[in-house]
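> Here is the input, now give the coordinates:
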Amino acid sequence: MKNRLLVALAPAIVSGMLTGCWKEPTRPNYDPPTNYRTEAAANRTNADREMNTNKTNNANSAETEKTKTGFKANLPDGFEQPADDVGTKLLREYGAVFLARGGVTPPKKVVFRNESEVAAFQSALKRRREMIGSFSMELQAAAMDGLQNAVKAAAAAGQKITPRGADSAKRTYSETVGLWNSRVDPALKHWTAKGKISQADADRIKAMATFDQVTEVLKLEEKGIFFAKDLSKSIIYSVAPPGTSQHLSLLAFDCEQHDNAAIRSIMAENGWFQTVASDLPHFTFLGVKESELPGLGLKKLSSGGRNFWVPDM
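Now for the predicted structure:
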């Protein structure tokens, strides 16, 4: 009986399979176990990628730090940036000295306020006094080495290097005040007589502390009231305002033979360069080769066959 029933149903079963009505038993929903080894590898790959990225960024940062250029980037650590236009003007005029290398110590401020600040700075320096020509000169020790080497090189070439006077190297704050007053006092009298300054203003300026007087004088010069010796240009082209002279740093030397191109070349070969375009006898010890100066942020100004290295700012 059972065999006859199966035989009878067989065509229907086959027909159902052919027409698509047949379905396999439904499998239960099933999430395969996470492949932890693959996931860990992916995590390590991401971590390695992030670490490599950080290394690259750090390397780029270090390279940028290593190759940074520009005047302000090469100023001494802790340098006091000027906070006003007057300070910026003085930095532009006398700023090469702040980049001095070769074993010397440059100042960390544009203006020394008084005698005590200058004395404190100078007393901390490694310095030496030697006879140069007929004068006893005092400079920072490494700067004196450079000057003596230049003197020897000049002598070997049948030339000589001598100071212009007794104050051609180190100066005290009071000496720079005396030079400043030798320009300011006559100018105040001149401009008062011309009616450009009232007597009350002239008296007020004379009574000021020298540090404050510098700012007042430079402000008057912006109005065309000049204080240089010939009264036709800024006082900074005649004397350095007190507290700003490179001679206070024991890194400046006024050379009698400054007109001699061979002497200028010998000075440069020994780390001494002209850096103040308005002061032809003046040389500044920077303690590096001339080829290194642009990388420190100095630019060359050529005039009358001379090269002056000044802040590129």
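
> From here on, just use CA atoms for contacts and neighbour counts.
Noted.

> Tell me which stretches of the protein form helices.
Taking DSSP state H, the helices of the chain run over residues 2-18, 36-67, 85-94, 115-123, 141-156, 173-193, 199-207, 210-221, 261-269, 293-296.

> list the contacts for E117?
For E117, the set of contacting residues under the criterion of C-alpha atoms under 8 Å, 6 or more residues apart in numbering is empty.

> Give me the below-cutoff pLDDT ranges for this structure.
1-68 (pLDDT under 70).

> Can you give me the domain boundaries for it?
Domain assignment for the chain, taken from automatic domain parsing, gives 72-171+245-311, 174-237.

> Point out the most buried one among those.
Mean neighbour count (mean count of other C-alpha atoms under 10 Å) peaks for domain 72-171+245-311 among the domains of the chain, with a mean of 18.

> who does M137 bridge with?
With DSSP bridges as the criterion, the beta-bridge partners of M137 are E130.

> wait, it sits on T162?
No: the criterion here is C-alpha atoms under 8 Å, and M137 misses it with T162 at 10.3 Å.

> OK, contacts around the closest residue in space to F283 that isn't next to it in sequence?
Spatial nearest neighbour of F283, excluding adjacent residues (C-alpha to C-alpha, 6 or more residues apart in numbering): Q274 at 4.6 Å. The contact partners of Q274, by C-alpha under 8 Å, 6+ apart, come to 280, 282-284, 307-309.

> Could you do R171 as well?
For R171, the residues meeting the contact criterion (C-alpha under 8 Å, 6+ apart) are 247-248, 250.

> at 10 Å instead, please
Counting by C-alpha atoms under 10 Å, 6 or more residues apart in numbering, R171 makes contact with 118, 122, 138-139, 245-250, 252.

> Name whatever forms a beta bridge with the residue lying closest to N307 once chain neighbours are set aside.
On the basis of C-alpha to C-alpha, 6+ apart, the spatially nearest residue to N307 that is not a chain neighbour turns out to be L301, at 5.6 Å. The bridge-partner assignment for L301, based on DSSP bridges, gives F308.

> Check the gap between L301 and S198 for me.
From L301 over to S198 the distance is 39 Å, taken as C-alpha to C-alpha, to the nearest Å.

> T210 against V111, yeah?
No: between T210 and V111 there is no contact, the gap being 11.2 Å when judged by C-alpha atoms under 10 Å.

> quick one: common contacting residues for the two?
Once C-alpha under 10 Å, 6+ apart is applied, the residues that T210 and V111 both contact turn out to be 241-243.

> Narrow those to those that are buried.
The neighbour-count test (16 or more other C-alpha atoms under 10 Å) applied to the shared contacts of T210 and V111 identifies 241-243 as buried.

> So which of the residues you listed is the closest to A166?
Nearest to A166 out of those is P242 (C-alpha to C-alpha; 18.4 Å).

> Show me how far stretch 200-212 is from its chain's centre.
Here stretch 200-212 shows a centroid-to-chain-centroid distance of 33 Å under the convention C-alpha atoms, centre = their mean, to the nearest Å.

> now swap in stretch 111-130 and tell me
Mean-position distance between stretch 111-130 and its chain equals 22 Å (C-alpha atoms, centre = their mean).

> Ends of that stretch, what's the gap?
According to C-alpha to C-alpha, stretch 111-130 extends 27 Å from its N-terminal end residue to its C-terminal end residue.

> Same question for stretch 220-240.
From the first residue to the last, stretch 220-240 extends over 16 Å; the measure is C-alpha to C-alpha.

> swap in stretch 251-266?
The first-to-last residue distance of stretch 251-266 comes to 17 Å (C-alpha to C-alpha).

> returning to what we had before: next, show the common contact partners of M137 and T162.
Shared contacts of M137 and T162 (C-alpha under 10 Å, 6+ apart): 131, 168, 253.
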